[in-house]
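Enquirer: pasting the sequence and the predicted coordinates here, then a few questions.
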Amino acid sequence: MTDTLTICRPDDWHLHLRDGAMLKAVLPETVRHFGRAIIMPNLVPPVVTGAQALAYRERILAAAPGVGLFEPLMTLYLTEDTDPADVAEAHASGLIKAVKLYPAGATTNSASGVNDFDKVRPVLEKMAQIGLPLCVHGEVVRDDVDIFDREAVFIDTVLDPLRRATPGLRVVMEHITTKDGVDYARDAGPSVGATITTHHLVINRNHLLVGGIKPHYYCLPLAKRETHRLALRAAATSGDPTFFLGTDSAPHLDKDKESACGCAGCFTATNTMSILAEVFEQEGALDKLEGFTAHHGPAFYGLPVNETTITLTKGSPVPYPAKIDTPEGPLTVFDPGFALHWRVEA
Ligand code: NCD
Ligand code: ZN
């Protein structure tokens, strides 16, 4: 039985770090285990220009001791007013690694996102030309589409037409939650990658809703029915380089989640690697953990893998904090609902 596993240091290809006191509180949770992370730009106000991304990067690097070994990979938030020249310049300087598309109103802080895709056509064409990936929150926001169907409808009615209209555009389907997402990404060829979160490998919609509503399992896109979770687990553990880890670790204060109108987001940075080791072991695929967490993402983004490693060891259940403290109050760490036996060595 394997009880020690050394892998290249993983990266997180979809992470929310926020700003200010929250940034200071959550950044160490990621830096402890991860080499790099794609940093989501949905601050208030959003990170729209190269200048804003540069300033945000500096705030991240200043926010935590030991952060020097960690590399934030910055993104810009696509709006209908985004300037293709600013995007191209931020890419050419090495500052940004992707642009993020939020359909307007799809999720937390997405009000400045895109309504009219014709307005962003020049930016998308420029991105296709320079090889800059578009990270896509793949849900439609139409009232007539059930929230559990929004990903599948987005793929058919928005993503596929958008890709056909923009040949060469590289796309990351962010936090896929359905078999439809798995199938589309797998069959789309090398210009499409897909991130999968930690929590969508663990919970289905019953975990969220049966026996009382669980606000800390509420995230967008919502966890779906069990068949979809199983498709995600099969994809993540398959060794297919299309699929890589994007935790979508999305901290919100407990008071904002445990509320009559609770915020969406699961905070998984703290125990993600222990959870993933458990999941991959359950699937008989521990040998695929390194690919999913440390190789496939850099390959898609055209970056080298990390030079350092982490070691996981298996033993008695690993304690982790139920909550992280911030000056504004606690935030709850994702509870996978099973014991974690894999510890990341310091
Ligand atoms: C994210 C957040 O809180 O910023 N929430 C979430 O449920 N995943 C936004 C997002 O990625 O959709
Ligand atoms: Zn996210």
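Expert: It's in. Ligands and ions are numbered 1, 2, ... in the order given.

Enquirer: what does the helix or strand encompassing Ile275 contact?
Expert: Ile275 is located in helix 272-282, with elements delineated by DSSP states H and E. Helix 272-282 is contacted by residues 5, 10, 12, 33, 198, 201-202, 233, 236-237, 245, 247, 249, 268, 286, 288-289, 292-293, 310, 312, 314, 318, 320, 334, 336, 338, 340-344 when judged by C-beta atoms under 8 Å, 6 or more residues apart in numbering. Where you see a C-beta, it was placed from the backbone N, CA and C, and this is true even at glycine.

Enquirer: just the buried subset of those, please.
Expert: With neighbours counted using 16 or more other C-beta atoms under 10 Å, the contacts of helix 272-282 contain these buried positions: 5, 10, 12, 33, 198, 201-202, 233, 236-237, 245, 247, 249, 268, 286, 288-289, 292-293, 310, 312, 314, 318, 334, 336, 340-344.

Enquirer: in strands, which of these fall?
Expert: Leu5, Asp12, Leu245, Ile310, Leu312, Lys314, Trp342, Arg343, Val344 (DSSP state E).

Enquirer: so the second one touches Gly246, yeah?
Expert: Same thing as Asp12. Yes - Asp12 is in contact with Gly246 according to C-beta atoms under 8 Å; the separation is 6.5 Å.

Enquirer: which residues do the two both contact?
Expert: With contacts defined as C-beta under 8 Å, 6+ apart, the residues adjacent to both Asp12 and Gly246 are Ile38.

Enquirer: related to what we said a few turns ago, now do the helix holding Ile275: distance to the chain's middle.
Expert: Its chain's C-alpha centre and that of helix 272-282 lie 17 Å apart, by C-alpha atoms, centre = their mean, to the nearest Å.

Enquirer: buried sites along that helix?
Expert: By 16+ other C-beta under 10 Å, the buried positions in helix 272-282 come out as Thr272, Met273, Ser274, Ile275, Leu276, Ala277, Glu278, Val279, Phe280, Glu281.

Enquirer: give me the neighbour count for Gly239.
Expert: Applying other C-beta atoms under 10 Å, we find 14 residues neighbouring Gly239.

Enquirer: how much space between Ala294 and Met74?
Expert: In this view, Ala294 and Met74 are 20 Å apart by C-beta to C-beta, to the nearest Å.

Enquirer: to clarify, my last question referred to Asp335.
Expert: Counting by C-beta to C-beta - Asp335 and Met74 are separated by 31 Å.

Enquirer: those two: which is more packed in?
Expert: Between Asp335 and Met74, counting by other C-beta under 10 Å, Met74 is the more crowded of the two (23 against 17).

Enquirer: helix, strand or coil for the more buried one?
Expert: strand (DSSP: H, G, I helix; E, B strand; the rest coil).

Enquirer: how about the contacts made by it?
Expert: Contacts of Met74 (C-beta under 8 Å, 6+ apart): Ile39, Pro41, Val47, Ala53, Leu54, Tyr56, Arg57, Ala90, Leu95, Ile96, Lys97.

Enquirer: what's the closest of these to Pro330?
Expert: Ile39 (23.2 Å; C-beta to C-beta).

Enquirer: would you agree the closest one is in contact with Leu15?
Expert: Yes - applying C-beta under 8 Å, one finds Ile39 in contact with Leu15, separated by 6.0 Å.

Enquirer: which residue ranges of the stretch 51-200 of the chain form helices?
Expert: 84-92, 121-130, 150-154, 160-165, 179-187 (DSSP state H, counting those that start in this stretch).

Enquirer: from these, which stretch is densest packed?
Expert: Counting by mean count of other C-beta atoms under 10 Å, helix 150-154 has the highest mean neighbour count of the helices of the stretch 51-200 of the chain, with a mean of 23.

Enquirer: okay, now the spatially closest residue to Thr309 that is not a sequence neighbour: neighbour count?
Expert: Excluding its sequence neighbours, the residue lying closest to Thr309 (C-beta to C-beta, 6 or more residues apart in numbering) is Thr6, at 5.2 Å. Thr6: 11 surrounding residues under other C-beta under 10 Å.

Enquirer: surely Thr6 is in contact with Thr311?
Expert: Yes - under the criterion of C-beta under 8 Å, Thr6 makes contact with Thr311 at 4.6 Å.

Enquirer: coming back round to it: sort out for me which of the contacts of Met74 are in strands.
Expert: Counting by DSSP E, these place Ile39, Ile96, Lys97 in strands.

Enquirer: my guess is the last one contacts Arg36. True?
Expert: No - in this structure, Lys97 is not within contact of Arg36 by C-beta under 8 Å, at 9.0 Å.

Enquirer: which residues do those two both contact?
Expert: Leu73, Leu303.

Enquirer: ligand 1 contacts on the protein?
Expert: Selection of the chain residues close to ligand 1 by C-beta under 6 Å from any ligand atom yields His16, Asn42, Thr107, Thr108, His137, Cys219, Leu220, Asp248, Ala250, Ala264, Gly265.
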